[in-house]
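Participant: heads up, no residue letters with this:
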């Protein structure tokens, strides 16, 4: 059975968390949720995250790269401001990539890829306001609906979540 972890925090973009959450469960993928502090939070629009109250939440100290095939990084600029300051989370993302595992990232979640120093020379989609940040970090910025490079699958906006998660699940199932 394939396994995935969503890493996020308070004030994440609700849609960008909820859609992959239910899409992965629909595919019968074992799913963990890791949130700063290890407790449920609310998204920027007020939705409880995770949206299913019975779904357990873990703290970064209770997850291991070896336990997952896929890492999902929802956006939400307010959440990213806090998440990218947690060196344990950034190290997890960096190590996930070093292990050549699949990462799906949307919108401002690309800030975490920058902080993990894994974008240099790669095509990365991110929210349009992050073009300079991605370029300055050495990425090749794009705003296509889904971009895949070196097992990092990105999209710039939640309007493209369907193609983004479709490609993510396709690659996960073929891994």
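Facilitator: Right, received. Where do you want to start? Since the model is a prediction, treat every value here as computed from it, not as a measurement. Numbering: from 1, shown residues only.

Participant: for the residue of the chain positioned farthest from its centre, give me the pLDDT.
Facilitator: Centroid-distance maximum for the chain: residue 54 at 21.4 Å, with CA atoms, centre = their mean. Per-residue confidence (pLDDT) for residue 54: 85.

Participant: what of residue 153?
Facilitator: 98.

Participant: quick check: it touching residue 161?
Facilitator: No - assessed by CB atoms under 8 Å, residue 153 is found out of contact with residue 161, at 11.6 Å. In this view, the C-beta of every residue, glycine as well, is placed from N, C-alpha and C.

Participant: so those two - more neighbours on which side?
Facilitator: residue 153 (27 against 22; other CB atoms under 10 Å).

Participant: OK, contacts around that one?
Facilitator: 102, 103, 104, 105, 146, 147, 164, 167, 168, 171 (CB atoms under 8 Å, 6 or more residues apart in numbering).

Participant: the third one - that's part of a helix, no?
Facilitator: Same thing as residue 104. No - applying DSSP: H, G, I helix; E, B strand; the rest coil, one finds residue 104 to be strand, outside a helix.

Participant: ok, how many other residues are close to it?
Facilitator: 28.

Participant: again, but for the first one
Facilitator: For residue 102, the count of nearby residues is 21 (other CB under 10 Å).

Participant: ok, it to residue 65 distance?
Facilitator: The spacing between residue 102 and residue 65, counted by CB to CB, to the nearest Å, is 12 Å.

Participant: repeat for the fourth one
Facilitator: Using CB to CB, one gets 16 Å for the distance from residue 105 to residue 65.

Participant: name the residue in the two with the higher neighbour count.
Facilitator: More crowded of residue 105 and residue 65, by other CB under 10 Å: residue 105, with 28 against 17.

Participant: can you check the pLDDT for the closest residue to that one other than its chain neighbours?
Facilitator: Excluding the flanking residues, the one nearest residue 105 by CB to CB, 6 or more residues apart in numbering is residue 73, at 4.2 Å. pLDDT for residue 73: 98.

Participant: any idea how far the helix or strand containing residue 82 is from the chain center?
Facilitator: According to DSSP states H and E, residue 82 maps onto helix 77-83. Centre-to-centre, helix 77-83 and its host chain are 12 Å apart (CA atoms, centre = their mean, to the nearest Å).

Participant: contacts for whatever helix or strand comes next after that helix, please.
Facilitator: For helix 77-83, the following helix or strand on the C-terminal side (DSSP H and E) is helix 87-98. Where contact means CB under 8 Å, 6+ apart, the residues beyond helix 87-98 that reach it are 7, 34, 36, 60-61, 63, 65, 68, 71, 73, 83-84, 103, 112-113, 115-118, 150-152.
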